[in-house]
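**Student:** A structural model of the following input is requested.
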Amino acid sequence: NLTLNSTSEYTGFVGALSGTIQNINFSNVSVTASHRYAAVIVGDLYSGSVKNCNVLSGTITSSANYLGAVVGRARKDSEISSCSNYAAVSGKQYVGGVVGQSAGNVVNCSNYSLVSGNSYCIGGVVGDSNGTISNCFNKGDITSTVQSNTGGIAGRGSVSSSQNTGNVTGISYTGGITGYGDVTDSENSGVVTGTSYVGGITGSGTVSGSDNTGSVKTTKSDKYVGGVTGNGGASECNNSGSVICHVGNNTHYIGGITGYSSKPVTNCKNTAEVSGGRFVGGIAGYVTGTSVTGCENSGEVSATQWHIGGIVGDCQNSTVTGCKNIADVTSVASNTKDATSVGGIVGYVKGDSASVADNINEADITGYRALGGIVGYIVSGNVSGNKHKGNIYWLDNPEGYNGLIVGLNEGATIADDNEGTGSVMQQ
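**Tutor:** Predicted structure coming up:
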């Protein structure tokens, strides 16, 4: 058993350390701190390592920053490995289930209990990191009631080869793995809830080789929400968790993989429902100056406003190539005149370098105006080599610029090699 009630900095079994601590277990701990750098094992790890140390039960609370069950803060020349926590951790800022803030390496660490905070950087394993985090696991629920950067593994920081199963609830920059940072080869199955910059894997960052199965949702009208990343590129990623942002018409930049991206989105697959206000896509809500290649969507896409696509909602100076959509795309605006620019592949396209080529849509499209089997509304760019099979249903507007390939074209090049079959009719 360990009881610490501290009103000074550097709270822990060891307050500050340059060296190594290993093979220590504590249970029934009670730690209360009112100053920074607090933990059960080491308050401030200047250099060295903490190995195979475990906090098995108890409570750890602080009204200050840099709080962790094992280490409060770990500096650059440090490593925390094979450590675990089962105690509830509650603090202010830079709060982690294992370490509050780390500039070193965190490897093979795990958290199994609730971690909560009321400011920035709250994480299941690490609150804030500018070092490395790999092969970590979190099962505890993670909550932040104020500010940003909340994640299942890290509140802020890049993560690799890690898994989260706990629910994550935050404000902005909230993710199943990390609130803000790049992620590789990781998995999330916990429910992720936030306001803006919300993702099943990361709130904002580039993701590769990662899968999300937990639902993603917002608590108010906001933006940048994705099944994998709220804002960023992705490659070889899968999402099967619903992305639901129904609250208000102003929920925008919503995607099955990424909400908004200026980086490539490649070989990704979404199989879950995606719903929002405007700029909503089965893969990406909004892309600019980049490419979407080899992606597939089989989750229904619905919205309450405009620029809705089976693959991409809004495409600005970007290419969408070799993608496939097999789920219905629908805009169900309460004001039917808002239900515009709805496409089986892309809702809205603009830019001389924009291209929509060699894609397949095998689903129905429903909306009010500018409805297309491939593209709803295109201002500039080109459309070629695409195939559409499905019906176009218009809502109370027989002259609404609707077509099997493109609904409304203001000046783009539409090649003769596009193929479309189906009917254009009133719903």
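**Student:** find the centremost residue of this structure, please.
**Tutor:** residue 199 (1.4 Å; Cα atoms, centre = their mean).
**Student:** if I look at it, how far off is residue 4?
**Tutor:** 37 Å (Cβ to Cβ, to the nearest Å). C-beta here means a position set from N, CA and C on the backbone, and glycine is covered the same way.
**Student:** one more: residue 359?
**Tutor:** 61 Å.
**Student:** what about the two, which has more around it?
**Tutor:** Using other Cβ atoms under 10 Å, the more surrounded residue of residue 359 and residue 4 is residue 359, with 27 against 18.
**Student:** these two touch, right, residue 13 and residue 40?
**Tutor:** Yes. Using Cβ atoms under 8 Å, residue 13 is in contact with residue 40, at 6.4 Å.
**Student:** of these two, who's got more company?
**Tutor:** Neighbours were tallied for residue 13 and for residue 40 using other Cβ under 10 Å; the higher tally belongs to residue 40 (28 against 18).
**Student:** so the more buried one touches residue 1, yeah?
**Tutor:** No. If you go by Cβ under 8 Å, residue 40 and residue 1 don't touch, sitting 11.1 Å apart.
**Student:** shared neighbours, the two?
**Tutor:** 26, 29 (Cβ atoms under 8 Å, 6 or more residues apart in numbering).
**Student:** for the lowest-mean-pLDDT helix or strand in the chain, buried residues please.
**Tutor:** Within the chain, no helix or strand scores below strand 2-6, which has a mean of 85 by mean pLDDT, DSSP states H and E. For strand 2-6, a neighbour-count test (16 or more other Cβ atoms under 10 Å) marks 4, 6 as buried.
**Student:** distance check, residue 142 against residue 159.
**Tutor:** The value you get for residue 142 to residue 159, if Cβ to Cβ is used, is 14 Å.
**Student:** intersection of neighbour lists for those two?
**Tutor:** residue 151.
**Student:** follow-up on the earlier one: what touches both of residue 13 and residue 40?
**Tutor:** 2, 26.
**Student:** tell me which element the residue nearest to residue 330 when sequence neighbours are not counted falls in.
**Tutor:** Once flanking residues are discounted, residue 330 sits nearest to residue 366: 4.3 Å by Cβ to Cβ, 6 or more residues apart in numbering. Secondary structure from DSSP states H and E places residue 366 in strand 365-367.
**Student:** how about residues contacting stretch 319-328?
**Tutor:** 282-283, 287, 291-301, 309-312, 344-346, 353-366.
**Student:** start to end distance for it?
**Tutor:** 22 Å (Cα to Cα, to the nearest Å).
**Student:** hmm, residue 48 is touching residue 76, no?
**Tutor:** No. Using Cβ under 8 Å, residue 48 makes no contact with residue 76, being 11.5 Å away.
**Student:** and these two? Which one has more around it.
**Tutor:** residue 48 (18 against 12).
**Student:** now the angle from the helix or strand hosting the more buried one to strand 2-6?
**Tutor:** Using DSSP H and E, residue 48 maps to strand 42-51. Interaxial angle, strand 42-51 versus strand 2-6 (axes from the mean of the first three to the mean of the last three Cα atoms, to 10 degrees): 140 degrees.
**Student:** and strand 42-51, what other elements does it pack with?
**Tutor:** Counting contacts by 3 or more Cβ pairs under 8 Å, 6 or more residues apart in numbering; DSSP states H and E, strand 42-51 is packed against strand 14-22, strand 71-81.
**Student:** looking at those, which is buried most?
**Tutor:** strand 71-81 (a mean of 25; mean count of other Cβ atoms under 10 Å).
**Student:** that one pairs with which strands, parallel or anti?
**Tutor:** Strand pairing for strand 71-81, using DSSP bridges, gives strand 42-51 (parallel), strand 99-102 (parallel), strand 105-107 (parallel).
**Student:** still on that earlier bit, ok, the least confident helix or strand of the chain: who's next to it in the sheet?
**Tutor:** Sheet pairing for strand 2-6, using DSSP bridges, gives strand 29-33 (parallel).
**Student:** flag every buried residue along the strand it pairs with.
**Tutor:** Those buried within strand 29-33 under the rule 16+ other Cβ under 10 Å are 29, 31-33.
**Student:** please apply the same query to stretch 352-367.
**Tutor:** 354-357, 359-367.
**Student:** could you work out the end-to-end span of that stretch for me?
**Tutor:** End-to-end span of stretch 352-367 (Cα to Cα): 26 Å.
**Student:** and what of stretch 257-276?
**Tutor:** With Cα to Cα as the measure, stretch 257-276 spans 14 Å from end to end.
**Student:** before we move on, back to that, so after the strand holding residue 48, what's the next helix or strand?
**Tutor:** strand 54-55.
**Student:** now the following helix or strand past that next one, how far from the chain's geometric center?
**Tutor:** Downstream of strand 54-55, the first helix or strand assigned by DSSP H and E is strand 58-62. Centroid separation for strand 58-62 versus its chain: 29 Å, with Cα atoms, centre = their mean, to the nearest Å.
**Student:** contacting residues around the very next helix or strand once past strand 58-62?
**Tutor:** As assigned by DSSP H and E, the chain's next helix or strand after strand 58-62 is strand 67-68. With contacts defined as Cβ under 8 Å, 6+ apart, strand 67-68 is touched by 33, 38-39, 60, 85, 89, 91-92, 94-100, 126-127.
**Student:** distance between the ends of stretch 264-282?
**Tutor:** 15 Å.
**Student:** quick one: average pLDDT of stretch 302-310?
**Tutor:** What stretch 302-310 shows for mean pLDDT is 92.
**Student:** measure it end to end?
**Tutor:** End residues of stretch 302-310 are separated by 9 Å (Cα to Cα).
**Student:** next, the buried residues of that stretch.
**Tutor:** In stretch 302-310, counting by 16+ other Cβ under 10 Å, buried: 302-310.
**Student:** about what we covered before: whichever helix or strand comes after the strand holding residue 366 pairs with which strands, and in what direction?
**Tutor:** Moving toward the C-terminus from strand 365-367, the next helix or strand (DSSP H and E) is strand 369-372. Neighbouring strands of strand 369-372 in its sheet, by DSSP bridges, are strand 340-343 (parallel), strand 402-403 (parallel).
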